[in-house]
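Participant: Sequence and computational prediction follow.
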Amino acid sequence: MKGKILVVDDDNIIIRSCKGVLEPMGYDVSGTINPREALELIRDNDYDLLITDMIMPGIDGFELIKRTKELKPDTTVIAMTGYSIKETIKDTLEYGIMDYLQKPFSPNILADTVDRVTNLARKLKSQLAITEEDDVDGTHKIEAVNALIKQYKTVPGSLITVLSKTQEIIGYLPPAIQRLIAKGLRIPVSEVHSVVSFYPCYTMKVRGRHNIRVCIGAACYAKKADSIVQKLCNHLHFDEDNVTDDKKFSYELVRCLGACASAPVIEVDHDTHGTVDPDKITEILKDYN
């Protein structure tokens, strides 16, 4: 079993859809339309992941996340919303959510988000507990980040500098590191996250020397974007972080690359490739050494 998941949404169709996608992937999925029942389930069970809608009658998603963290602090959370992500993420990040799903979402986006979040949560629990003594791929790296934060914590407008230098040290900016920076600079976590998610130079995932972005938006998905992903995985043999063993390539799924007329589309580093034939993906990658 890959993990135990609780889905909470006042629409049973969403719960059934999540089960239909995630159970064949090896997850144990439970669901309820009642947030109060969800709290009872959380109290009596140990879930690896809570996926919850944010706007529900009675106890809403914000309150559910807050109470979940009080009952079971280690529970990883993904927030679902049909409203503005910026408004939702601003509040939910303060409660320690790991990611979000904006409705409506495709099966591919659901599967990728859940796999990515559960893998990251597993690593954070074993390697990146959020204290000043903890370790990120080596004690010297977290010490370097703490020294950097100390150096800039009294410098106004230093967030961009700290994020850039931290990414140089660690290689990426996972949620635990974002919260560490926010705490050190005494600014809201939502502010740190908004900068990391807005600028494409920052990443919350480990990346290879060449990063491949595969669009799985509606237009690309309809034109077999999933076949491109399958060909990539068969050819390059990515690890659980979607990075090859030699660190040459990494890949990620994105919701849109802004080139729907050329679907299916991929982006390698800063190069956009349109009307991609899945059988010719290896030819495209030959140009990247």
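Facilitator: Ah, there it is. Everything numeric here is computed off the predicted structure, so don't read it as measured data.

Participant: Which of the helices and strands in the chain ranks last by mean pLDDT?
Facilitator: Ranked by mean pLDDT, DSSP states H and E, the weakest helix or strand in the chain is helix 85-92, scoring a mean of 52.

Participant: next helix or strand past it?
Facilitator: strand 99-102 (DSSP states H and E).

Participant: show me where the stretch 101-250 of the chain has strands.
Facilitator: Secondary structure of the stretch 101-250 of the chain (DSSP state E, counting those that start in this stretch): strands at 210-215, 249-254.

Participant: got the angle between the first one and strand 249-254?
Facilitator: Just to be clear, that refers to strand 210-215. For strand 210-215 against strand 249-254, the angle by axes from the mean of the first three to the mean of the last three CA atoms, to 10 degrees is 20 degrees.

Participant: helices or strands next to strand 210-215 in the packing?
Facilitator: Here strand 210-215 touches helix 225-236, strand 249-254, strand 266-268, going by 3 or more CB pairs under 8 Å, 6 or more residues apart in numbering; DSSP states H and E. For every residue, glycine as well, the C-beta is placed using N, CA and C.

Participant: who does it pair up with?
Facilitator: For strand 210-215, the paired strands and their directions (DSSP bridges) read strand 249-254 (parallel), strand 266-268 (antiparallel).

Participant: what about residue 25, distance to residue 3?
Facilitator: Counting by CB to CB, to the nearest Å, the separation of residue 25 from residue 3 is 10 Å.

Participant: Which of these two has more residues huddled nearby?
Facilitator: Neighbour comparison, residue 25 and residue 3: the larger count goes to residue 3, with 21 against 13 (by other CB atoms under 10 Å).

Participant: what pairs with that one across the strands?
Facilitator: Under the criterion used (DSSP bridges), residue 3 bridges to residue 27.

Participant: mean confidence score for the longest helix along the chain?
Facilitator: Criterion DSSP state H: the longest helix present in the chain is helix 107-127. For helix 107-127, the mean pLDDT works out to 79.

Participant: Run the chain-centre distance for it.
Facilitator: 7 Å (CA atoms, centre = their mean, to the nearest Å).

Participant: What ranges in this protein fall below the confidence cut-off?
Facilitator: 83-96, 123-140, 200 (pLDDT under 70).

Participant: Domain map for it?
Facilitator: 3-127, 139-198, 210-285 (automatic domain parsing).

Participant: Residue 73: which of the helices and strands packed on strand 210-215 is closest?
Facilitator: strand 249-254 (28.5 Å; CB to CB).
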